[in-house]
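Participant: Make a model of this:
(one chain, ligands or ions: 2)
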Amino acid sequence: KTEHNNFQFLDLPRQDPPKTAAPIRIYTWNEIYDQFDEKSAAEQAGRCLSCGNPYCEWKCPVHNYIPNWLKLIEEGNLFEAAELSHKTNSLPEICGRICPQDRLCEGACTLNDGFGAVTIGNIEKYINDEAVKQGWKPDMSNVQPTGKRVAVIGAGPAGLGCADVLIRNGVQPVVFDKYREIGGLLTFGIPPFKLEKQVVLKRRQMMEDMGVEFRLNVEIGRDIQFDQLLDEYDAVFMGMGTYTYMKGGFPGEDMPGVYESLPFLISNVNRVMGYEKDPADFFDMKDKRVVVLGGGDTAMDCVRTSIRHGATSVTCIYRRDQANMPGSMREVENAKEEGVKFMWNRQPVEVVGNDTTEGVKVVETRLGEPDERGRRMPETVPGSEETVPADAVIIAFGFRPSPADWFDPFDIQIDERGRVKATESTPLKYQTSNPKVFSGGDMVRGADLVVTAVFDGRQAAEGILDYLDV
Ligand code: FAD
Ligand code: SF4
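Facilitator: Ligands and ions are numbered 1, 2, ... in the order given. Predicted coordinates for the structure are as follows:
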């Protein structure tokens, strides 16, 4: 145990665990960050000021009890910290790895004012990796089965968050997913250098041990009809994500050599995980000049994946400046270290080439006045056209909600942007216009974050428990 010193932050700077040097890590698919050891986790946790009103806790979308588990780690109580961490978060080891902490908990840390925020994400990861390694398991000994069963559609973060809260309250979740493995975009989207797939497989094992049932390779609406779920289960949760690919709407977008981001990333995961059926399904960027269009997390994952394929050059083109990128700053820095070139304030207007892609025509942009949401919209600079040579172009403009074509008979209302209408403030949390159906995650918010999907799934489970009156 270490003695708490309120002024530890003065003597001990913020320190992340070391990361593998860029020239080495670009040849592997492994996560780039190392793990804290017990001593460094305790020391870093001891930098926390235990603010009376912890901003980090409010900014964290699941409202983790951050100062409390930091204190437990400082005192060496690993299993208690893991237990507490699971009270608010269903996937803490995953959020610790891939939340954009600089915009969430760590961005709100009081020490951010010149001293360096507490390393909250890496400690959350340490707590939960290490506790499981040492044999910690969720305590299910007081759970009383209620005999109720809920169908969960989608084994992404929202579905997993919902299933976690249901099973801990004695309600049996049966989770359906059309993919062969759980995780949604955690598995089939986010690349292994940010989140090794073993981490998701361990979480699957833990949830199965708790009693969650997964039925994979089953698509609702095709293999099983939705009305069958409504008949056979006491309630239904939908966490089906958002998968309509956003296009740029400029000439040349359908030319050979232009790729959509998600099929590219999935083809890569399939190869890394040994799921590939046919080598022709793999989109290989080796020896190509790659241009990625977009500035979010998906774009950062595409550039860094292309680097690991052995691309000759990788350029990211984004229409705003670095400060206005939606992606995590940490990932932009990691991409720069790995050799990605960024062209800020450039708007693509055409993919040029004859039978195949030869380049991307761009114009320069400058930021206009802020709109009503405070975001400054880019305007183009006349006469600034140039062509960036490219053998492959990956389009990563994001995703729009994709409501299922079987919703109609079931009174599940969607809004004008295609998002399922379900909110935290309806009488029962995350209940849709069909009282037996609840929903959350990207299909309710639009493309967002893992941690917000987990939050929605957990809240929806509370709504379902109220609905079932258990
Ligand atoms: P999903 O994760 O999309 O899961 C939905 C699941 O539903 C899927 O498994 C799908 O197969 C299943 N499904 C859909 N329809 C059916 C059906 N009819 N029958 C059966 N199953 C069905 N967020 C972060 O916080 N940090 C990051 O670093 C980050 N990086 C990202 C990188 C990429 C490339 C992408 C695309 C997203 C990233 N995100 C990141 C966003 C994050 O992954 C999503 O916000 C989150 O996964 C949404 O969770 P969800 O459960 O709502 O949906
Ligand atoms: Fe920070 Fe995300 Fe963990 Fe919350 S869940 S404490 S935002 S890393």
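Participant: rest of the way, CA atoms for contacts and neighbours
Facilitator: Noted.
Participant: buried ones in stretch 40-55?
Facilitator: For stretch 40-55, the buried set under the neighbour-count rule, 16 or more other Cα atoms under 10 Å, comprises 40-49, 54-55.
Participant: So which of these sit within helices?
Facilitator: Among the buried residues of stretch 40-55, the members falling in helices (DSSP state H) are 40-45, 55.
Participant: Ligand 2 contacts on the stretch 251-400 of the chain?
Facilitator: Among all residues of the stretch 251-400 of the chain, none is adjacent to ligand 2 (criterion: Cα under 6 Å from any ligand atom).
Participant: tell me the helices in the stretch 251-400 of the chain, going along the chain?
Facilitator: Along the stretch 251-400 of the chain, the stretches classed as helices by DSSP state H, counting those that start in this stretch are 261-272, 297-309, 329-337.
Participant: could you check the angle helix 329-337 makes with the second one?
Facilitator: If you take axes from the mean of the first three to the mean of the last three Cα atoms, to 10 degrees, helix 297-309 sits at 30 degrees to helix 329-337.
Participant: wait, does helix 297-309 contact ligand 1?
Facilitator: Yes: under the criterion of Cα under 6 Å from any ligand atom, helix 297-309 makes contact with ligand 1 via 297-298, 301.
Participant: most surrounded residue in those residues?
Facilitator: The member of these that has the most neighbours, counting by other Cα atoms under 10 Å, is D301 with 24 neighbours.
Participant: Excluding sequence neighbours, find me the nearest residue to it.
Facilitator: P191 (6.5 Å; Cα to Cα, 6 or more residues apart in numbering).
Participant: Can you name the residue of the stretch 251-400 of the chain nearest to ligand 1?
Facilitator: The shortest separation between the stretch 251-400 of the chain and ligand 1 is 3.8 Å, found at T298 (distances taken as Cα to the nearest ligand atom).
Participant: Domains in the chain, by residue range?
Facilitator: Here the domain assignment for the chain is 8-133, 149-243+400-468, 247-397, based on automatic domain parsing.
Participant: Take these and write them to a markdown table, including distance to M140.
Facilitator: Compiled in a markdown table, those are given as follows (distance: least, Cα to Cα, whole Å):
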| stretch | distance to M140 |
| --- | --- |
| domain 8-133 | 11 |
| domain 149-243+400-468 | 7 |
| domain 247-397 | 32 |
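Participant: Packed most tightly, which of those domains would that be?
Facilitator: domain 149-243+400-468 (a mean of 21; mean count of other Cα atoms under 10 Å).
Participant: That one close to ligand 1?
Facilitator: Yes: part of domain 149-243+400-468 sits near ligand 1 under the criterion Cα under 6 Å from any ligand atom, namely 153-159, 176-179, 183-186, 189-190, 218-221, 239-242, 441-443, 447-451, 453.
Participant: what residues are up against N434?
Facilitator: If a contact means Cα atoms under 8 Å, 6 or more residues apart in numbering, then N434 has 410-412 as its contacts.
Participant: That one: what secondary structure?
Facilitator: Secondary structure, DSSP: H, G, I helix; E, B strand; the rest coil: N434 is coil.
Participant: roughly how far apart are it and ligand 1?
Facilitator: The spacing between N434 and ligand 1, counted by Cα to the nearest ligand atom, to the nearest Å, is 17 Å.
Participant: Show the pLDDT at that residue.
Facilitator: Here, the pLDDT recorded for N434 equals 95.
Participant: With G239 as the reference, measure out to it.
Facilitator: Counting by Cα to Cα, to the nearest Å, the gap between N434 and G239 amounts to 15 Å.
Participant: Surely D34 touches R25?
Facilitator: No: under the contact definition of Cα atoms under 8 Å, D34 does not touch R25, with a separation of 11.9 Å.
Participant: so how far is Q134 from the residue nearest to E74 when sequence neighbours are not counted?
Facilitator: The shortest distance from E74 to any non-neighbouring residue, by Cα to Cα, 6+ apart, is to A42 (4.1 Å). In this structure, A42 and Q134 are separated by 17 Å, where distance is defined by Cα to Cα.
Participant: Then L49?
Facilitator: Here the distance between L49 and Q134 works out to 28 Å (Cα to Cα).
Participant: One more: A81?
Facilitator: Taken as Cα to Cα, the span from A81 to Q134 is 13 Å.
Participant: Select the longest strand from the protein.
Facilitator: strand 357-370 (DSSP state E).
Participant: Just the C-alphas of that one, formatted as CSV.
Facilitator: What follows is strand 357-370 as a C-alpha-only set of coordinates in CSV (Å, rounded to 0.1, in the frame of the first residue of the first chain):
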residue,chain,number,x,y,z
THR,A,357,-7.9,5.8,-59.9
GLU,A,358,-5.0,8.1,-60.7
GLY,A,359,-5.5,10.9,-58.2
VAL,A,360,-7.9,13.1,-56.2
LYS,A,361,-8.6,16.7,-57.3
VAL,A,362,-8.9,18.9,-54.2
VAL,A,363,-9.6,22.6,-53.6
GLU,A,364,-8.3,24.5,-50.6
THR,A,365,-10.9,25.5,-47.9
ARG,A,366,-10.9,28.2,-45.2
LEU,A,367,-13.1,28.2,-42.2
GLY,A,368,-16.1,30.5,-42.3
GLU,A,369,-18.1,32.0,-39.4
PRO,A,370,-19.4,29.5,-36.7
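Participant: in its sheet, what does that strand sit against?
Facilitator: Within its sheet, strand 357-370 is paired with strand 346-353 (antiparallel), strand 376-380 (antiparallel), strand 386-389 (antiparallel), according to DSSP bridges.
Participant: Next, the residues that contact it from outside, please.
Facilitator: Residues external to strand 357-370 that are found in contact with it (Cα under 8 Å, 6+ apart): 255-258, 291, 319-320, 345-353, 376-393.
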